[in-house]
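1. Everything below, folded, please.
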Amino acid sequence: MVWNDELGAGDIASRFDLTFGAVSQHLAVLRESGFVRVRAAGNRRFYRADHDRLGLLAPMLEAMWSSTLDQLATAVEADAEANRR
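-> Here you go, the predicted model:
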């Protein structure tokens with residue numbers, strides 16, 4: 001979600017069936033490992049993948065996620081088509 005776009009912690013949390021606290025803990029691990037950058041604006045925090053820090057992993061991760069998301073989209077579309085019948 002934060003590979004190409006900067007998102008607020010609340011926006012990220014709203015996409016999961018987890019508590020905000022659980023998502024916040026995951027974001028903290030990503031931040032501490034240097035995989036995401038955080039920008040503070042008032043009391044809000046915005047996250048974005050740190051492509052520079054990921055270095056040589058960045059293209060591999062991008063390809064992996066792109067492929068995985070393409071497969072997921074195909075599966076969802078096939079399921080939706082089967083449910084229409």
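2. Please, where are all the helices along the chain?
-> Under the criterion DSSP state H, the chain contains helices at 9-13, 20-33, 51-54, 57-84.
3. Arg45 is nearest to which of the ones you listed?
-> helix 9-13 (4.9 Å; C-beta to C-beta). Just so you know, the C-beta spots here come from the backbone N, C-alpha and C atoms, and that holds for glycine as well.
4. Of all the helices of the chain, which one comes closest to Ala40?
-> Using C-beta to C-beta, those put helix 9-13 closest to Ala40, at 10.6 Å.
5. chain center to the closest one, what's the gap?
-> 10 Å (C-alpha atoms, centre = their mean, to the nearest Å).
6. So which elements touch it?
-> helix 20-33, strand 44-49 (3 or more C-beta pairs under 8 Å, 6 or more residues apart in numbering; DSSP states H and E).
7. what separates Gly55 from Tyr47, distance-wise?
-> Gly55 sits 19 Å away from Tyr47, going by C-beta to C-beta, to the nearest Å.
8. before we move on, what about Ala41?
-> In terms of C-beta to C-beta, Ala41 sits 12 Å off from Tyr47.
9. With Thr74 instead?
-> Taken as C-beta to C-beta, the span from Thr74 to Tyr47 is 28 Å.
10. what residues are up against the most centrally placed residue in the chain?
-> Central residue of the chain (C-alpha atoms, centre = their mean): Met1, 2.9 Å from the mean position. By C-beta atoms under 8 Å, 6 or more residues apart in numbering, the contact list for Met1 reads Leu7, Ile12, Arg15.
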